[in-house]
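Colleague: Generate coordinates for the sequence data below:
(one chain, ligands or ions: 2)
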Amino acid sequence: MMTLNYPGLGIDYSLHTHTTWSDGLSSLEELCRQGKKMGLKVLGVSDHYYIHPNMPKRTRYTAEEYVADALKMRERYEDENFSLKIGLEMDFFFENTEEVLKDLEQYPFDYIIGSVHYVGTFPIDHDPSYWVDLTEERKEEICAEYWRKMEAAAACEKFTFLGHLDLPKKFGLIDNSRYFSHALRVLDILAQRQGALELNTAGWFKPCAESYPSCSILEEAYKRHIPVVISADAHQPEHLMRHFTEARELLNSVGYKL
Ligand SMILES: [Zn+2]
Ligand SMILES: [Zn+2]
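Modeller: Ligands and ions are numbered 1, 2, ... in the order given. Alright, predicted model coming up:
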């Protein structure tokens, strides 16, 4: 497994990506071809992996077939200037994360991103229509539980880095600053176990119009010496390095030198 050292990885790495194995638009092969052409030194594939404890939802593929495809692509595309890392974006659930991670140990994964997309059966980032009719009280309940799950994910040693830390802000329908103290708790837990974080540029293209996490959270991450990985959450090859220069500027402005 990769370990990420402070301050983090440069912009020739792109580790948060999706292909047709989950909800991405291109095959893994196409992603490799394009990533290499764009000058990435390291491309990581991190398709969604979830086994939902309360819903019949689960990933359509098995880890075995996914890894087999990635190993084949590694064979085909790797050279001295380009390497392919095999990862997953795994959904954290209190009920089964330990068990699922244990099961994944048999495969040669290089890294695993820990993310939270659900609170119970409520989908945090699928569509704003799930949020619009909620009372303020219900929104608060959902956000509080989201952050409780993030704290537990932060404590999980096997997650190489945490995905889109402050995701509930995505649709611009909640006041993210109200959850700042929750974010600080997550950062403290992460710092204590020397875990890492991503600066996910996809947020800039959503109604919230800022990176995940926000600048003020990144400032606090810097104070705690938490390594940061710039990532695009790319669902198509053209997005592999989307807004990476801006991300590096933002990180430099809070103190990171990448
Ligand atoms: Zn995600
Ligand atoms: Zn993702």
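
Colleague: Where does this structure get nearest to ligand 1, residue-wise?
Modeller: Ser115 (4.5 Å; Cβ to the ion). All C-beta spots, glycine's among them, are computed from the backbone N, C-alpha and C.

Colleague: show me the contacts for that residue.
Modeller: Shown in contact with Ser115 (Cβ atoms under 8 Å, 6 or more residues apart in numbering): 89-92, 153, 162-164, 167.

Colleague: what's the distance between it and ligand 2?
Modeller: Separation of Ser115 from ligand 2 (Cβ to the ion, to the nearest Å): 7 Å.

Colleague: And the pLDDT for that residue?
Modeller: Ser115 is assigned 98 on the pLDDT scale.

Colleague: So which of the contacts of Ser115 are in strands?
Modeller: 89-91, 162 (DSSP state E).

Colleague: which helix is the longest one in the chain?
Modeller: helix 136-155 (DSSP state H).

Colleague: Need the residues that contact that one.
Modeller: 92-94, 97, 114-116, 119-120, 122, 124, 131, 134, 159, 162, 165, 167-168, 173-174, 178-179, 182-183, 185-187, 189-190, 193, 195.

Colleague: From these, which land in helices?
Modeller: Those of the contacts of helix 136-155 lying in helices (DSSP H): 97, 131, 182-183, 185-187, 189-190.

Colleague: of those residues, closest to Tyr222?
Modeller: Closest to Tyr222 out of the ones in helices among the contacts of helix 136-155 is Leu187 (9.9 Å), distances taken as Cβ to Cβ.

Colleague: Tell me who's in contact with that closest one.
Modeller: Applying Cβ under 8 Å, 6+ apart, the residues near Leu187 are 154, 197, 217, 220-221, 224, 226.

Colleague: Please produce a ChimeraX select command covering the buried subset of those residues.
Modeller: Filtering these down to the buried ones (16 or more other Cβ atoms under 10 Å) takes a single ChimeraX command:
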select :154,197,217,220,221,226
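
Colleague: Which residues does stretch 54-69 contact?
Modeller: Residues contacting stretch 54-69 (Cβ under 8 Å, 6+ apart): 21-22, 28, 47-52, 86, 88, 95, 103-104, 107-109, 120-121.

Colleague: Could you list the buried residues of that stretch?
Modeller: 59, 61, 63, 66-67, 69.

Colleague: what is the mean pLDDT for it?
Modeller: Rounded mean pLDDT across stretch 54-69 is 91.

Colleague: How far does that stretch stretch from one end to the other?
Modeller: From its first residue to its last, stretch 54-69 covers 30 Å (Cα to Cα, to the nearest Å).
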